[in-house]
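A.B. asks: Pasting a predicted model and its sequence here:
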Amino acid sequence: MDGKQTTQNISTILTEVNTLLSRSMGMKAVLCCSLIPLTNMTLVEWAITLKDKPVCKLSYRGDTKETRKTNCTDERITFRPDQSPDLQIDPVAITHEGYYECIMAASDGNFHRRYHLQVLVPPEMTLFLHKNRTAVCKAVAGRPAAWISWSPEGDCVTEQEYWGNGTVTVWSSCRWSDSNVSAVTCSVLHLTGNKSLFIELLPGHRIQGYPASPLLIILYVKLFLLMVILVILGFVLFQRISTGGQVHLLRHAWSTCPNPSCQRNRQGHGEIFNNKNFLDREMVSASPHQVTSAAFSSFLQGPKPLQAYPSLSSSPPFVLG
């Protein structure tokens, strides 16, 4: 009779509470055990069950002031029963997600509290344009998965990618065929907070900030180099044509020699100006205007010795027949 009555009283006093607790990664979490005063407490124990880890147990006996740890190695989880029976996690990491149970025994009854700790990771949001009036909105590495909405609504496709650490990347690609839609807004909804970004649609234009094709860049470089080569070849060809014309005029003027003074000078310079190699070298080393002026001033002023023309010393004279 007394044994049955004692069992009934304990079951009446025993209280159990289950709580879902959400904390963002990097923040501090405090898990309360009970409001029972420490003076009345005889035993408090925390049992921590995390993914892929053995159960960690932290216990404290009030009568002996003894604290024990079993399979507990995470220094971010602290338990100070001499101050409070609560458990503290600082900072919270993804690996801390799991179940935390506190059992507290006191002179006037027992108390049991169970937490399911959910670790939240805010996603990184991006929004960019794609081709054909299409925009792509991403919520990268969030925990749990974010929800994406558009304003105005378009023709959308949404996909998810799951990562090994439990985070999820969600991206939504939307296209607007209505040309009256000039700007759109993407909203990312998450337990850690909501974000919105807007972007303008640019019909008929390449997407701003979208990288150009590598093949197109190579084509531009090749066209530029081809233009440079053509300009150089054109310049060289022009110089040769211009130089040849001046030589022809000089030889023609020398052969016709319309006045007596010119004919007298012709006798003194004939060996020089009839030398083909000499004329070609002089034309290469000077502009057409300089050669023509030098030649005419030379035979108008009178004959000069052969040593006045250094270019003749490197090759024998070639007299035109």
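C.D. replies: Structure received. All of these numbers come straight from a predicted model, not from anything done at the bench.
A.B. asks: Just confirm Pro231 is within a helix.
C.D. replies: Just so we're on the same page, residue 231 is Val rather than Pro. Yes: applying DSSP: H, G, I helix; E, B strand; the rest coil, one finds Val231 inside a helix.
A.B. asks: From Phe224, how far off is it?
C.D. replies: Distance of Val231 to Phe224, computed by Cβ to Cβ, to the nearest Å: 11 Å. For the C-beta atoms, the positions are set from N, CA and C on the backbone; glycine is no exception.
A.B. asks: so where is the stretch 201-321 of the chain shaky, pLDDT-wise?
C.D. replies: 203-216, 243-321 (pLDDT under 70).
A.B. asks: Please, where are all the helices along the stretch 151-300 of the chain?
C.D. replies: 214-256, 260-273, 276-285, 288-301 (DSSP state H, counting those that start in this stretch).
A.B. asks: Would you mark the buried spots in stretch 228-236?
C.D. replies: For stretch 228-236, the neighbour count (16 or more other Cβ atoms under 10 Å) marks no residue as buried.
A.B. asks: Show me what the longest strand along the chain is packed against.
C.D. replies: For the chain, the longest strand by residue count, based on DSSP state E, is strand 109-120. The helices and strands touching strand 109-120, judged by 3 or more Cβ pairs under 8 Å, 6 or more residues apart in numbering; DSSP states H and E, are helix 2-13, strand 15-24, strand 29-31, strand 98-106.
A.B. asks: Could you tell me the least trusted of these?
C.D. replies: Mean pLDDT is lowest for helix 2-13 out of these, coming in at a mean of 38.
A.B. asks: Now do the longest strand of the chain and strand 98-106, the angle between them.
C.D. replies: 160 degrees (axes from the mean of the first three to the mean of the last three Cα atoms, to 10 degrees).
A.B. asks: Name the surrounding residues that touch strand 109-120.
C.D. replies: The contact list for strand 109-120 (Cβ atoms under 8 Å, 6 or more residues apart in numbering) reads 10, 13-25, 29, 31-34, 36, 89, 92-94, 96-105, 143-144, 190-192.
A.B. asks: ok, and for that strand, which residues are buried?
C.D. replies: Buried residues in strand 109-120 (16+ other Cβ under 10 Å): Asn110, Phe111, His112, Arg113, Tyr115, Leu117, Val119, Leu120.
A.B. asks: Show me which of the contacts of strand 109-120 are buried.
C.D. replies: In the contacts of strand 109-120, burial by neighbour count holds for 23-25, 29, 31, 33-34, 36, 89, 92, 96-98, 100-105, 143-144, 190, 192, counting by 16+ other Cβ under 10 Å.
A.B. asks: about what we covered before: so after the longest strand of the chain, what's the next helix or strand?
C.D. replies: strand 124-130 (DSSP states H and E).
A.B. asks: now for that next one, which elements pack on it?
C.D. replies: Contact here means 3+ Cβ pairs under 8 Å, 6+ apart; on that basis strand 124-130 packs against strand 134-142, strand 183-189, strand 195-200.
A.B. asks: excluding its backbone neighbours, what's nearest Asn18?
C.D. replies: Arg114 (4.9 Å; Cβ to Cβ, 6 or more residues apart in numbering).
A.B. asks: what sits opposite that neighbour in the beta ladder?
C.D. replies: Asn18, Glu101 (DSSP bridges).
A.B. asks: Give the buried residues for stretch 174-182.
C.D. replies: By 16+ other Cβ under 10 Å, the buried positions in stretch 174-182 come out as Cys174, Trp176.
A.B. asks: Ignore what I typed, I meant stretch 195-205.
C.D. replies: Buried, per 16+ other Cβ under 10 Å, within stretch 195-205: Lys195, Ile199, Leu201.
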